[in-house]
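In: pasting a predicted model and its sequence here:
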Amino acid sequence: MIPRFKKVPKVINPHLNKEQFLEEHNRLSPVNLRGTISLLSRFRIEKASLFKDENWSIDKLRRPFILWLTSPTSKEKEGLKKTKKFKIMKNHKNKNHGRRAMLHRKFRLKHRHKIGGKKKKVHSKHK
């Protein structure tokens, strides 16, 4: 039987210090989610409620650390809000313009004999 995923052995000692946590996290993570000591220090300051003592438990802190790493900063959030508003306004204008253009085309096709366009001759089999 072929295993579907690679099993990673669990850390037996849940009481790790910051360096051990970093080493274990980086071993388990892809390149884009690797951490540094300075990132861990900032994480500890911003998420102080997660820390009751000096222990860095992989089971308890790794998931919040990954979520914190991948979440946008406040400046990025402001930029996202601005671009989102711009896209909504742009899409709204485009939808209305597309509808007006479609109605205008329908009108022109329906009334082209009045506007000066040539009307197609319909050939019927029975005359």
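Out: Okay, I see it.
In: how far away is Gly29 from Lys81?
Out: One thing to correct before we go on: residue 29 is Ser, not Gly. Separation of Ser29 from Lys81 (C-beta to C-beta, to the nearest Å) stands at 29 Å. Where C-beta positions appear, they are placed from N, C-alpha and C, glycine not excepted.
In: again but with Ser38, I slipped
Out: Taking C-beta to C-beta, one finds Ser38 at 28 Å from Lys81.
In: what sits against Phe65?
Out: Neighbouring residues of Phe65 by C-beta atoms under 8 Å, 6 or more residues apart in numbering: 25, 35, 40, 43.
In: in JSON lines: those residues, plus secondary structure and pLDDT.
Out: Converted to JSON lines, those look like this (DSSP: H, G, I helix; E, B strand; the rest coil; pLDDT from 0 to 100):
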{"residue": "His25", "secondary structure": "helix", "pLDDT": "92"}
{"residue": "Gly35", "secondary structure": "coil", "pLDDT": "91"}
{"residue": "Leu40", "secondary structure": "helix", "pLDDT": "93"}
{"residue": "Phe43", "secondary structure": "helix", "pLDDT": "93"}
